[in-house]
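[1] here is a sequence together with a model predicted from it:
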Amino acid sequence: MTAVELIHLTKKFKEVVAVKDLSLEIRYGEFLFLLGPSGCGKTTTLRIIGGLEDPTDGIVRIKGQVVNGIPPERRDTATVFQNWALFPHKTIFENVAFGLKMRKRPKKEISEKVEAFLDMVNLSGYASRYPAQLSGGQKQRVALVRALVVEPAVLLLDEPLSALDLKLRQQMRFEIKRIQKRLKVTTIFVTHDQTEAMAMADRIVLMNEGRVEQIGSPQDIYYQPNSKFTSDFIGETNFLEGAIAGLEEKRVLVDLAEGTRLTAPSGEGSPQSGRVLIAVRPENIALKRERTPSSQNILEGRIFDVTFLGATLRFHVEFGGKIVMVDAVGDGRLGKYRQGETVFLEVDPECCLLLPG
């Protein structure tokens, strides 16, 4: 059930290694994201799959066939580029029909398929227009159906939403996901936008410096990061430095540098001794004015700043010379906290992730 297989893939540009020994299997019908910061190798990997770059080493298989050396037009792939690359002198119908004409499909089939795909993205009345007459979102949809109309085995998307404003990007995320699920086309989407990947992906391949940092579902990547890089890149995280003071049943006792002791779960593979980092998300910290007798994992600090984010408030709390982020639902009571006020932060023990220091 493997649509695309990458085997020990490496790509060098002179002395720069863009992709390092990458191996990956992508399932049929899967919506997979290559995610990571600029320069991590995600776009290079996509271009190798599409035949736009040749690997320095390694094998690329599509539907079980080795495609190394096969040009892009002879691979069963279609690519939507960052700038959409529409033909400005052709109508929308002609743009969408281009790939079918190159494949010498019958005129009737071309007409029927173009009309059906334009209707799928609510552009059936735009066939006679030109790209300059469309909005950014409409151009993006034209580029998408132009790639899909040839029914590729693999759809490659190279940051196709980066030129759109925030609200339109959010709308197009839903649109692309809807179409992908409807057509069940294997899709590989490159982005540096973690929110985009979390909202749309079946699986995320997080890349860093040309190699795979972690692979998993959005939930796995967010809740079970395997490194500081993953925890820091996906969402926002507080990192508290400390040393393991002991073990207690299924918990680890950690003494922070600031003189506070916290407990964290002792999971499989978690450190058992030495210096560690406790990673905790802002939403897993409760803000309180008083320390209650039953409270656990308490940090005492002072409010440095309060930021209104609509549905939530972001508190920046100074603790031991560091800033701890706390997110809370923005109700009236929370709005009464003031800069400089002493507060207590109750850290959920179950949501503390131990990482090597």
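    Yep, it's here.

[2] pLDDT weak spots in this protein?
    Low-confidence segments of the chain, defined by pLDDT under 70, are located at 330-335.

[3] spatially central residue in it, please.
    Residue closest to the mean C-alpha point of the chain, counted by Cα atoms, centre = their mean, is residue 197 at 2.9 Å.

[4] who are the packing partners of the helix or strand where that one lies?
    Residue 197 belongs to helix 194-200 when elements are defined using DSSP states H and E. In terms of contacts (3 or more Cβ pairs under 8 Å, 6 or more residues apart in numbering; DSSP states H and E), helix 194-200 is packed against strand 31-35, helix 166-183, strand 186-191, helix 218-223. Quick note: C-beta positions are derived from backbone N, CA and C, even for glycine.

[5] wait, which of these is closest to residue 253?
    Closest to residue 253 of the helices and strands packed on helix 194-200 is helix 218-223 (Cβ to Cβ; 22.5 Å).

[6] the closest one packs against which elements?
    helix 194-200, strand 203-208.

[7] pick the most deeply packed of these.
    strand 203-208 (a mean of 23; mean count of other Cβ atoms under 10 Å).

[8] give me the contact list for that strand.
    Strand 203-208 has contacts (Cβ atoms under 8 Å, 6 or more residues apart in numbering) with 24, 30-37, 40-42, 45, 197-198, 212-218, 221, 229-230, 233-234.

[9] now the strands for the stretch 201-350 of the chain?
    Here the stretch 201-350 of the chain has its strands, by DSSP state E, counting those that start in this stretch, at 203-208, 211-216, 238-248, 251-256, 261-265, 275-280, 285-288, 298-308, 312-319, 322-329, 342-347.

[10] now distance to residue 95 too, for these, in CSV please.
    Below are the strands of the stretch 201-350 of the chain laid out as CSV (distance: least, Cβ to Cβ, whole Å):
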stretch, distance to residue 95
strand 203-208, 31
strand 211-216, 35
strand 238-248, 48
strand 251-256, 59
strand 261-265, 54
strand 275-280, 47
strand 285-288, 51
strand 298-308, 44
strand 312-319, 42
strand 322-329, 44
strand 342-347, 54
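
[11] from these, which stretch is densest packed?
    Most buried of those by mean neighbour count (mean count of other Cβ under 10 Å) is strand 203-208; its value is a mean of 23.

[12] what lines up beside it in the sheet?
    strand 31-35 (parallel), strand 211-216 (antiparallel) (DSSP bridges).

[13] residue 310: how many residues sit nearby?
    6 (other Cβ atoms under 10 Å).

[14] just residue 129 next, same as before
    Using other Cβ under 10 Å, residue 129 has 15 other residues around it.

[15] and for the closest residue to residue 84 other than its chain neighbours, the neighbour number?
    Nearest non-adjacent residue to residue 84, counting by Cβ to Cβ, 6 or more residues apart in numbering: residue 143, 3.9 Å away. A count of neighbours around residue 143, defined by other Cβ under 10 Å, yields 22.

[16] and the gap between residue 45 and residue 10?
    Residue 45 is 11 Å from residue 10, where distance means Cβ to Cβ, to the nearest Å.

[17] overlap in contacts, the two.
    Counting by Cβ under 8 Å, 6+ apart, the contacts common to residue 45 and residue 10 are 19, 22.

[18] between those two, which is the more surrounded one?
    Shown here are residue 45 and residue 10; by other Cβ under 10 Å, residue 45 has more neighbours (28 against 17).

[19] which residues does that one contact?
    6, 9, 11, 19, 22, 34, 190, 207.

[20] kindly report the same for residue 196.
    Neighbouring residues of residue 196 by Cβ under 8 Å, 6+ apart: 33, 161, 169, 173, 189.

[21] my read is residue 79 is in a strand, agree?
    Yes - under DSSP: H, G, I helix; E, B strand; the rest coil, residue 79 falls within a strand.

[22] beta partners for it?
    Applying DSSP bridges, one finds that residue 79 bridges with residue 156.

[23] doesn't residue 114 make contact with residue 126?
    No - here residue 126 does not reach residue 114: they are 11.4 Å apart, not a contact under Cβ atoms under 8 Å.

[24] among these two, which residue is more densely surrounded?
    residue 114 (23 against 18).

[25] follow-up on the earlier one: neighbour-wise, which of the contacts of residue 45 leads?
    Counting neighbours by other Cβ under 10 Å, residue 34 leads the contacts of residue 45 with 29 neighbours.

[26] does that one touch residue 44 like I think?
    No - using Cβ under 8 Å, residue 34 is not in contact with residue 44, being 9.7 Å away.

[27] what sits closest to residue 10 if chain neighbours are left out?
    Spatial nearest neighbour of residue 10, chain neighbours left out: residue 57 (4.2 Å); criterion: Cβ to Cβ, 6+ apart.

[28] equivalent analysis for residue 185, please.
    Spatial nearest neighbour of residue 185, excluding adjacent residues (Cβ to Cβ, 6+ apart): residue 155 at 5.0 Å.

[29] show me the contacts for the one you found.
    Contact partners of residue 155, counting by Cβ under 8 Å, 6+ apart, are 77-78, 80, 147-148, 180, 185-188.

[30] separation between it and residue 114?
    With distances taken as Cβ to Cβ, residue 155 is found 17 Å from residue 114.

[31] just the helices in the stretch 1-150 of the chain please.
    42-50, 92-102, 107-120, 136-148 (DSSP state H, counting those that start in this stretch).

[32] may I have the first one as CSV, with CA atoms only?
    As requested, the backbone C-alpha atoms of helix 42-50 are provided in CSV (Å, rounded to 0.1, in the frame of the first residue of the first chain):
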residue,chain,number,x,y,z
LYS,A,42,11.7,19.8,2.6
THR,A,43,11.4,21.5,-0.8
THR,A,44,14.4,19.7,-2.1
THR,A,45,12.8,16.4,-1.1
LEU,A,46,9.6,17.3,-2.9
ARG,A,47,11.5,18.4,-6.1
ILE,A,48,13.3,15.0,-6.1
ILE,A,49,10.0,13.2,-5.9
GLY,A,50,8.7,15.3,-8.8
